[in-house]
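1. Using only what follows, build the 3D model:
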Amino acid sequence: MKTGQPLSKSSGDKWSFTYSVITVLLVCTSLSSSWHYLKSGWDDIGMRMQHLWDQTLDWIGDDGFKLYVFGMNGWNIVLYWTVGLAFLFMEMSDWPKWLNRYKIQPTVSVDRKRLTSLIALNLFNQFFVAVPFSIVGYYVLKFQGTSPPIRELPTLMRLVVNLAIFVVLQEIFAYYTHRMFHHRLLYKWTHKVHHEWQAPIALSAYYNHPLDHLIGNILPSTVGASLINAHFFTTWIWLTWATLRTLSDHSGYHVLTFPSPRRHDFHHLKFTECFGVWGPLDYLHGTEKLFQKNLASLKTEKKSQ
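-> Presented below is the predicted three-dimensional model:
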């Protein structure tokens, strides 16, 4: 070929194909290398987590009964009251002022006269409903005999998959049990207690009739652990998240990194809408139409301001 002579069409196609092959090989090599480093990084994190987990169990012990009954309930009680009382303090002291911009119902204040009954029912549900349920749950898991060893942490993939399953099962059980307790034959003597707080506060999350708390609150959050034999560590992470989520949903403030509590706040206002945790079943059954209209009108008002 003479210098400066243009390449033939076949030669151009040949070089184009070669460049494509080289590019694909380079991309594959790069992805393979990235995956190797990513996997090594996760493996390193996993080893560190396993080491910390072993140290923790060496300190507190690895007796399953103590972990599931005393450990899980103790952690839940401390978390619930710490966060719940922090929200109550913010609500009653109106401090710090900058939080008012995140308040869903800015004109609503706490009914102080009802706090005593709220605290008493919360404590009853935690000690005389949740604790006995966890004892029964522990022996159910023990009877199944398929629970993962407590000292061996689950892989990252198993952890993520299990948490995803928990989200789906919680939505299904929470939605249908919630609607069940709104039935006229059950509502007056069970779920009506929870709706005494038309403008809920964080600590009203567990303000339920004991049967309502057991079936409507505890069961949807824990049924997944039994069905898929989740590791204790996975269950602990999930229940921590579920506790914080329900506190956020009832708080009246959108300050935590969760979806806005406006959906559940609207449920307490109207009673007939927004029964689920996330919303897909409300959309499927048409029980969020008024809420979506209300949301659209709020957005229109903000734009006009």
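2. What distance do you get for residue 76 to residue 208?
-> As defined by C-beta to C-beta, to the nearest Å, residue 76 lies at a distance of 15 Å from residue 208. C-betas here are computed from N, CA, C, even on glycine.
3. Name the residue in the two with the higher neighbour count.
-> More crowded of residue 76 and residue 208, by other C-beta atoms under 10 Å: residue 208, with 24 against 20.
4. contacting residues for the more buried one?
-> The contact partners of residue 208, by C-beta atoms under 8 Å, 6 or more residues apart in numbering, come to 121, 125, 190, 191, 193, 194, 216, 217.
5. what about it, is that helix, strand or coil?
-> Under DSSP: H, G, I helix; E, B strand; the rest coil, residue 208 falls in the coil class.
6. Could you identify which of the contacts of residue 208 has the most neighbours?
-> Highest neighbour count within these: residue 194, with 24 neighbours (other C-beta under 10 Å).
7. Does it touch residue 211 like I think?
-> No - Residue 194 lies out of contact with residue 211 (C-beta atoms under 8 Å); the separation is 11.5 Å.
8. what's the helix or strand where residue 300 lies in contact with?
-> According to DSSP states H and E, residue 300 maps onto helix 289-304. Applying C-beta under 8 Å, 6+ apart, the contact partners of helix 289-304 are 262, 263, 266, 270, 272, 273, 274, 282.
9. what residues are up against residue 173?
-> 219, 220, 223.
10. Can you pull out the low-pLDDT segments for the stretch 101-250 of the chain?
-> Across the stretch 101-250 of the chain, nothing is flagged by pLDDT under 70.
11. Pull the distance from stretch 84-101 to the chain's centre.
-> In terms of C-alpha atoms, centre = their mean, to the nearest Å, the centre of stretch 84-101 is set 23 Å apart from its chain centre.
12. send the alpha carbons of it over as PDB?
-> The C-alpha trace of stretch 84-101 is given here as PDB (Å, rounded to 0.1, in the frame of the first residue of the first chain):
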ATOM      1  CA  GLY A  84     -39.300   8.700  71.400                       C
ATOM      2  CA  LEU A  85     -38.500  10.900  74.400                       C
ATOM      3  CA  ALA A  86     -36.100  13.000  72.200                       C
ATOM      4  CA  PHE A  87     -39.100  13.600  69.900                       C
ATOM      5  CA  LEU A  88     -41.300  14.400  72.800                       C
ATOM      6  CA  PHE A  89     -38.800  16.900  74.200                       C
ATOM      7  CA  MET A  90     -38.600  18.600  70.900                       C
ATOM      8  CA  GLU A  91     -42.400  18.800  70.600                       C
ATOM      9  CA  MET A  92     -43.000  20.100  74.100                       C
ATOM     10  CA  SER A  93     -40.100  22.500  74.400                       C
ATOM     11  CA  ASP A  94     -40.300  23.800  70.800                       C
ATOM     12  CA  TRP A  95     -36.500  23.500  70.600                       C
ATOM     13  CA  PRO A  96     -34.500  23.700  68.500                       C
ATOM     14  CA  LYS A  97     -36.500  26.200  66.500                       C
ATOM     15  CA  TRP A  98     -35.100  25.100  63.100                       C
ATOM     16  CA  LEU A  99     -37.000  21.700  63.400                       C
ATOM     17  CA  ASN A 100     -40.300  23.500  63.000                       C
ATOM     18  CA  ARG A 101     -39.700  23.600  59.200                       C
END
